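[1] Fold the following.
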Amino acid sequence: MKNSKEFIQNIILKGTPEEKRELYGFDSKTPHRIILKKFKYFTRGNYPRYFTSPSAPFHDDMVMDMISSYYGENVLEAAFRGSAKTSLKKLFDTFVLLNDKDNFRKYMKVLTKDLKNSKQIVTDVYNMMVEVRYIYGDVFEKEGDTKREETMGSFTMKNGRKYASGTVGQTQRGHLQDAYRPDWNWFEDTEDRDSIRSMVITQGIMDKCAEAIDGLSKDGSMFVTCNYISDQGTVQWLMDKPSMRVRMTPLLTDDKDNTSVTWNRYSEADVIKIRKDADDFFGEFQVDPANSENKFFPLDRLNEDIKNATEPIKESAGVKYWKHYQPHHRYGQGSDHSEGVGLDSNTLSGFDFTTGELVYTYANNKIAPDLATHEFARVGGEYGHCIYAPEVNNKCGGTAITTLKSLKYPNIYQFVIPSQHGERKSKKLGWETNRKTKYTAFYDFRKDYNDGLIKIYDVNVLKEMKAYSNSDLQETTVGLITRHYDLLQSSIIAWQMNKYAEKSADTESYNNSLNEYCDA
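    Predicted coordinates:
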């Protein structure tokens, strides 16, 4: 009778606080399947608003993964947008904070790309705990049991357990007020469609994730919830960790059949609408970004080139070189510029048009545009003062042109205006982007890449190409490529210089010219 359905329901609905705490409580010796049952009793009995639809079959698997991670396993839960993975994790964190008799985890931390999101999660968990104060009393060290609506960064319980927010966009160390390290990190949506557009930004997020992982306590573990929108970004980096167990949950078991849903909350009509509205259905809803139908560049060719990508033959002052200068070859370079404040990058790409090879690249999102231009002019000088086209649609591009003039760089691209009667040079220096030049540059680059005329060894450029979609091309924001794709941007500009580059000088003339330039 004690474990009968009616008995349990009676406790949930009419039981005393002591009876409810006993029903929901568990410790490290409790079998995981029993903990799952207790989680269901707790959440459905106290937060019915989260269960207005029948649960999906995979929800039990997700919670079992959370239990395993709570007790030491690293788990990544990649699931479609709308799968309720985030809501389940907030409910689970509330459950273990209130009901774990061992207080197994002492310091749980939520890490997101945007600090506002992690603060909101902390606030939501706090308020859910306040909702059941009639069962658990005042469990907080300082704030009391008054419900708070504003976002908050962290809270501490009377038993010393701490629940805190953080971001993978900031340094994780240096929290002197913390008596101990986090022992369970939750990485939630550390990647989005903006961040994957730049390998520089993606690498920065990876570095901060690594820092957070390194900052875990000795027995700490991590749980990751994410959409799988890129197989070249932060999520893939986390997936590839040897200790990480990965579960993938798509919306459809058969992407050709709109009725084969993994959660019957979604009807065929819902799926048709989702397919129509989604920017990247395969990445956001099928956890399969590699098969996106929206890619601009050919995936088969890119995958092969990524596999065959090589390390540069040398790196100097941040510039990566794949080939040495060859007299009498035709060279050209393009650059994209930003303010150097940790967002978009100042990037440089240089082609040997005689061979079609991308021979050098540079990317740095911390250097100022004028200092970057000094460096780019130096590299151009190393390759015969090749024709150089900075992108000039923003003020940073204007800074680049001003700097090049002060340096007396001898071969700045003079913008060519296409017309019905051919092309004519304008008085404007640098590459100007408009709707016509954007499409021309992109389609020229794609055609020549498809035809094998362009050879790229830099894996970061190839990854940005792989992430680029037809939807990105359709964006109307001013700029050749909006929202990052910095290396790809400079590479496409550089390839346009193929039409205007002249054969470089012989070695003696080149050395004399370079000496004169350096002495000026």
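[2] Domain-wise, how is the chain divided?
    58-249, 299-519 (automatic domain parsing).
[3] can you tell which of those is closest to Leu23?
    Closest approach to Leu23 among those (Cβ to Cβ): domain 58-249, 9.3 Å. For the C-beta atoms, the positions are set from N, CA and C on the backbone; glycine is no exception.
[4] Span of the closest one from start to end?
    Length of domain 58-249, first residue to last, Cα to Cα, to the nearest Å: 8 Å.
[5] Contacts only, for Phe297.
    Listed by Cβ atoms under 8 Å, 6 or more residues apart in numbering, the contact set of Phe297 reads Arg446, Tyr449, Met465, Lys466, Tyr468.
[6] Could I get those residues in TSV, plus columns for pLDDT and secondary structure?
    Shown next, in TSV, are the contacts of Phe297 (pLDDT from 0 to 100; DSSP: H, G, I helix; E, B strand; the rest coil):
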residue	pLDDT	secondary structure
Arg446	95	helix
Tyr449	96	helix
Met465	91	helix
Lys466	87	helix
Tyr468	85	coil
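[7] May I ask which two of these are separated the most?
    The largest separation in the contacts of Phe297, counting by Cβ to Cβ, is between Arg446 and Lys466 at 12.8 Å.
[8] need the helices for the stretch 251-400 of the chain, in chain order.
    Under the criterion DSSP state H, counting those that start in this stretch, the stretch 251-400 of the chain contains helices at 268-277, 281-285, 299-307, 369-382, 395-407.
[9] Nearest to Gly25, out of the domains of the chain?
    Shortest distance between Gly25 and the domains of the chain, using Cβ to Cβ, is found for domain 58-249: 5.1 Å.
[10] starting at the chain centroid, how far to that closest one?
    Here domain 58-249 is found 17 Å from its chain centre; the criterion is Cα atoms, centre = their mean, to the nearest Å.
[11] quick one: low-confidence ranges for the stretch 351-500 of the chain?
    Residue ranges of the stretch 351-500 of the chain with pLDDT under 70: 418-424, 471, 475-484.
[12] centre of the chain versus stretch 297-315, how much separation?
    Computed by Cα atoms, centre = their mean, the chain-centroid distance of stretch 297-315 equals 20 Å.
[13] Tell me which residues of that stretch come out buried.
    For stretch 297-315, burial by neighbour count (16 or more other Cβ atoms under 10 Å) applies to Phe297, Leu302, Asp305, Ala309, Pro312.
[14] I'd like the contacts of Phe297 as TSV, with neighbour count and distance to Arg105 appended.
    Below are the contacts of Phe297 laid out as TSV (neighbours: other Cβ atoms under 10 Å; distance: Cβ to Cβ, whole Å):
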residue	neighbour count	distance to Arg105
Arg446	18	50
Tyr449	21	50
Met465	27	42
Lys466	26	38
Tyr468	22	41
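[15] I'd like to know how many residues surround Lys463.
    By other Cβ atoms under 10 Å, 23 other residues sit near Lys463.
[16] What of Asp288?
    Neighbours of Asp288 under the rule other Cβ under 10 Å: 16.
[17] nearest residue to it other than its sequence neighbours?
    Phe282 (4.8 Å; Cβ to Cβ, 6 or more residues apart in numbering).
[18] just checking, Phe39 is part of a helix?
    Yes. Counting by DSSP: H, G, I helix; E, B strand; the rest coil, Phe39 falls inside a helix.
[19] Wait, it touches Lys89, no?
    No. Using Cβ atoms under 8 Å, Phe39 is not in contact with Lys89; the gap is 11.6 Å.
[20] Could you pull out the buried residues of whichever strand or helix holds Asp207?
    Per DSSP states H and E: Asp207 is located in helix 199-214. Buried positions in helix 199-214, judged by neighbour count with 16+ other Cβ under 10 Å: Met199, Val200, Ile201, Thr202, Gln203, Gly204, Ile205, Met206, Lys208, Cys209, Ala212, Ile213.
[21] ok, those residues vs Val461, which is closest?
    Each of the buried residues of helix 199-214 was checked against Val461 using Cβ to Cβ; the closest is Met199, at 8.3 Å.
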